[in-house]
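1. Using only what follows, build the 3D model:
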Amino acid sequence: MTSEFKPYANESDVLRIGDLEIENRVDRVSITGDVVLTKDQAGLTLAKELQSLIGRIVKALEAEKQLPDTVKLKPVKVVKNPFA
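-> Prediction:
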């Protein structure tokens, strides 16, 4: 359920809406994939989930007192697999 997803709260939450994958980070929220909003109850349900998620992202951004113009994204750090 999307209500447990708190934008920018951690580096671990992943949410799926349709075939969209929403990844939480402390400096960004990444949305990848696609979703088909059909003209039926299933499409309405997905649309409302997206609306709720985007609304919470906007609220989180608006709540920041000193929101920078842009964020410099940190490069991805590759670590050795400890299980290999």
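2. rest of the way, CA atoms for contacts and neighbours
-> Noted.
3. how near is L53 to V29?
-> Here L53 is placed at a distance of 11 Å from V29 (CA to CA, to the nearest Å).
4. between the two, who's got more neighbours?
-> Here L53 and V29 are compared on neighbour count by other CA atoms under 10 Å; more neighbours surround L53, at 20 against 17.
5. can you give me the offset of whichever strand or helix holds the more buried one from its chain's centre?
-> Of the helices and strands defined by DSSP states H and E, L53 is found in helix 41-63. Offset of helix 41-63 from its chain centre (CA atoms, centre = their mean, to the nearest Å): 10 Å.
6. And the contacts of stretch 11-26?
-> Taking CA atoms under 8 Å, 6 or more residues apart in numbering as the criterion, the residues outside stretch 11-26 that touch it are 2, 5, 7-10, 29-36, 46, 49-50.
7. are any of these buried, and which?
-> By neighbour count, with 16 or more other CA atoms under 10 Å, those hold F5, P7, Y8, V29, V35, L46, E49, L50 as buried.
8. Checking E21 next. Helix, strand or coil?
-> Secondary structure state of E21, per DSSP: H, G, I helix; E, B strand; the rest coil, is strand.
9. what's the pLDDT at it?
-> At E21, the predicted lDDT confidence score is 96.
10. For the residue nearest to A60 when sequence neighbours are not counted, give its distance to K48.
-> Leaving aside its sequence neighbours, A60 sits nearest to P7 (CA to CA, 6 or more residues apart in numbering; 6.7 Å). For P7, the distance to K48 under the criterion CA to CA works out to 17 Å.
11. Output stretch 19-28 in PDB with nothing but the alpha carbons.
-> Backbone C-alpha positions of stretch 19-28 (Å, rounded to 0.1, in the frame of the first residue of the first chain) are rendered in PDB as follows:
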ATOM      1  CA  ASP A  19       4.700  -2.000 -13.600                       C
ATOM      2  CA  LEU A  20       6.100   1.100 -12.100                       C
ATOM      3  CA  GLU A  21       8.900   0.700  -9.600                       C
ATOM      4  CA  ILE A  22       9.300   3.600  -7.200                       C
ATOM      5  CA  GLU A  23      12.600   3.600  -5.300                       C
ATOM      6  CA  ASN A  24      13.100   5.800  -2.200                       C
ATOM      7  CA  ARG A  25      16.400   7.600  -1.500                       C
ATOM      8  CA  VAL A  26      17.100  10.400   0.900                       C
ATOM      9  CA  ASP A  27      18.000  12.800  -2.000                       C
ATOM     10  CA  ARG A  28      15.600  11.500  -4.700                       C
END
